[in-house]
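Student: Pasted the sequence and its predicted model underneath.
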Amino acid sequence: MTHSPPLSAALWVLIVLQGVMLAALFAGVAPHPPRAIALFAMAPFLAACIACAVAALNLKSGLWGKVLSGLAAVMALLSFGPQKYFDPAFPEIWPAVIAAQLAALAIAANLFRPKGIVS
């Protein structure tokens, strides 16, 4: 299995969104993510998310490419998932939230599509 254009595009969407959020965090430009949450500091988490998506792009075939693509989507949903609809900052961040959710949906659809269907 090689990555289809929609899967590669979805991974790139996540890389760009997370990179911009990381830059906003470093620059202190609102709305930026909090420096830390109860589970971890955000900068290392965003760096790990970006690294996972880049690795998935580089492993274009096989089990590890699928695993890392799925992991990249799940990690992105920790930052951009449905819980963000209840965040007070949602009116400022909704474009990124919606884009990340659509990218995660595209990744899931690509990973679980029946064999033989070309995208």
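Tutor: Done, it's in.
Student: V67 sits in which helix or strand?
Tutor: helix 62-80 (DSSP states H and E).
Student: I'd like the next helix or strand past that helix.
Tutor: helix 90-111.
Student: quick one on the thing from earlier: helices or strands up against the helix holding V67?
Tutor: helix 5-27, helix 42-58, helix 90-111 (3 or more CB pairs under 8 Å, 6 or more residues apart in numbering; DSSP states H and E). All C-beta spots, glycine's among them, are computed from the backbone N, C-alpha and C.
Student: list the buried ones in that helix?
Tutor: For helix 62-80, the neighbour count (16 or more other CB atoms under 10 Å) marks 65-66, 68-73, 75-77, 79-80 as buried.
Student: Show me the shaky parts of this structure.
Tutor: 1-3, 61, 115-119 (pLDDT under 70).
Student: if you set the cut-off to 80 instead, what comes out?
Tutor: Applying pLDDT under 80 to the chain flags the ranges 1-4, 60-62, 113-119.
Student: Can you list the neighbours in contact with the helix holding V67?
Tutor: 1, 3, 7, 10-11, 14, 17-18, 21, 33, 45-46, 48-49, 52-53, 55-56, 59, 96-97, 100-101, 103-104, 107-108, 110-111 (CB atoms under 8 Å, 6 or more residues apart in numbering).
Student: I'd like the distance between the nearest residue to G19 once chain neighbours are set aside and V67.
Tutor: Nearest residue to G19, sequence neighbours excluded (CB to CB, 6 or more residues apart in numbering): I50, at 6.0 Å. As for I50, its distance to V67 is 17 Å (criterion: CB to CB, to the nearest Å).
Student: about what we covered before: dump the buried residues of helix 62-80 into CSV; add distance to F86 as well.
Tutor: What follows is the buried residues of helix 62-80, written out as CSV (distance: CB to CB, whole Å):
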residue, distance to F86
G65, 34
K66, 31
L68, 29
S69, 27
G70, 25
L71, 25
A72, 24
A73, 21
M75, 20
A76, 18
L77, 14
S79, 14
F80, 13
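Student: of all those, which comes closest to G28?
Tutor: Lowest distance from G28 to these (CB to CB) belongs to S79, with 17.8 Å.
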